[in-house]
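Undergrad: below are the sequence and a predicted model; questions follow.
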Number of protein chains: 2
Amino acid sequence: MSTIFDKILDGEIPCHKVHEDEHVLAFLDIGPLAEGHTLVIPKERKAQLDQLSDESAAALGRVLPRLCRAVMAATGANAYNVLQNNGGAAHQEVLHVHFHIIPKTATGGLGIRWGASQLDPARAQELIEAMRAHLAR
Amino acid sequence: MSTIFDKILDGEIPCHKVHEDEHVLAFLDIGPLAEGHTLVIPKERKAQLDQLSDESAAALGRVLPRLCRAVMAATGANAYNVLQNNGGAAHQEVLHVHFHIIPKTATGGLGIRWGASQLDPARAQELIEAMRAHLAR
């Protein structure tokens, strides 16, 4: 399945390129939530973050702070959200891993609804045991 | 300024630890938006992602896919958001860099409001020139 980001990576569709290196491409979102809204994608073609290789994920992580600094320098914003969505239910629209860097301004940015609950200690223990077992595989 | 995450890193406050390595600590959020809501923090003590070293950021990025897989395995969720907030205006509450891994379920998860606009090509060009200049410094 080819996505619009594959076409950008292949040079079939232009983009407002901010940065490119061996593993990563960053460009402006054409439907920004705020001025400077930037997308950061791996060249590795995977739909969800959980599918990404260590190498590709490390390269993405490494460049994020640099790109955040550039977005802030260019826009003057000093608050921002970094968001990465996986699955249609979680608001993913393009099935290629992408991190959004979204400046938060008086009039724009990411809208967040935070419906926090309270962690049950017994269930927490079950969850961390299941996670640790998975990580140790 | 010491944060609650400093106290967790120093062992003064317990946490539901999921993972620890040289650069990174991951533990369950005690105010989860959904079951399995996990926080991933660098041991480097910086408030915002833009302040983080390359090394620390790469280590965080590298481990994120592994942790996402573990969260999904433990909860059965197949959609999730990864969110990292910077600045009070952007919903940051603890002034130590942290990535949220938030499963999206029928009843829980991150609530998102997406007020997209349209990118102006001329302004886009100005922005990417400013960002590239900053990255090239």
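TA: On my side now, so go ahead. Because the structure is a prediction, the values reported are computed rather than measured.

Undergrad: mind checking the longest strand of chain A?
TA: The strand that spans the most residues within chain A, counting by DSSP state E, is strand A:80-86.

Undergrad: scan chain A for its longest helix.
TA: helix A:54-75 (DSSP state H).

Undergrad: so who does the spatially most central residue of chain A touch?
TA: Central residue of chain A (C-alpha atoms, centre = their mean): A:F99, 1.5 Å from the mean position. By C-beta atoms under 8 Å, 6 or more residues apart in numbering or on different chains, the contact list for A:F99 reads A:L39, A:V40, A:I41, A:L60, A:L64, A:V82, A:L83, A:Q84, B:V82. Glycine gets a C-beta too; all of them are placed from N, C-alpha and C.

Undergrad: ok, 6 Å please
TA: Neighbouring residues of A:F99 by C-beta atoms under 6 Å, 6 or more residues apart in numbering or on different chains: A:V40, A:V82, A:Q84.

Undergrad: run through those and flag the ones next to chain B.
TA: A:V82, A:Q84 (C-beta under 6 Å from any C-beta of the partner chain).

Undergrad: got CSV for the contacts of A:F99, with neighbour count, pLDDT and distance to B:H23 too?
TA: Formatted as CSV, these follow (neighbours: other C-beta atoms under 10 Å in any protein chain shown; pLDDT from 0 to 100; distance: C-beta to C-beta, whole Å):
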residue, neighbour count, pLDDT, distance to B:H23
A:V40, 23, 98, 20
A:V82, 24, 98, 18
A:Q84, 23, 98, 19
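
Undergrad: want to try a markdown table for the contacts of A:F99, with distance to B:F5 as columns?
TA: What follows is those, written out as a markdown table (distance: C-beta to C-beta, whole Å):
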| residue | distance to B:F5 |
| --- | --- |
| A:V40 | 24 |
| A:V82 | 17 |
| A:Q84 | 21 |
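
Undergrad: so where do the helices sit in chain A?
TA: Using DSSP H, helices in chain A cover A:4-9, A:54-75, A:121-135.

Undergrad: please name whichever of the ones you listed is nearest to B:V18.
TA: helix A:121-135 (4.8 Å; C-beta to C-beta).

Undergrad: what about that closest one, near chain B?
TA: Yes - using C-beta under 6 Å from any C-beta, helix A:121-135 reaches chain B at A:A124, A:L127, A:I128, A:A130, A:M131, A:H134, A:L135.

Undergrad: hmm, A:V97 and A:K46 touching each other?
TA: Yes - between A:K46 and A:V97 there is a contact at 5.5 Å, judged by C-beta atoms under 6 Å.

Undergrad: quick one: common contacting residues for the two?
TA: Counting by C-beta under 6 Å, 6+ apart, the residues touching both A:K46 and A:V97 are A:L52.

Undergrad: just want to know which of the two has more residues nearby.
TA: Shown here are A:K46 and A:V97; by other C-beta atoms under 10 Å in any protein chain shown, A:V97 has more neighbours (26 against 17).

Undergrad: for B:L110, see how far away the more buried one is.
TA: From A:V97 across to B:L110, the span is 17 Å (C-beta to C-beta, to the nearest Å).

Undergrad: run a quick neighbour tally on A:R66.
TA: Going by other C-beta under 10 Å, the residues that sit close to A:R66 add up to 17.

Undergrad: how far away is it from chain B?
TA: According to C-beta to the nearest C-beta, to the nearest Å, A:R66 stands 6 Å off from chain B.
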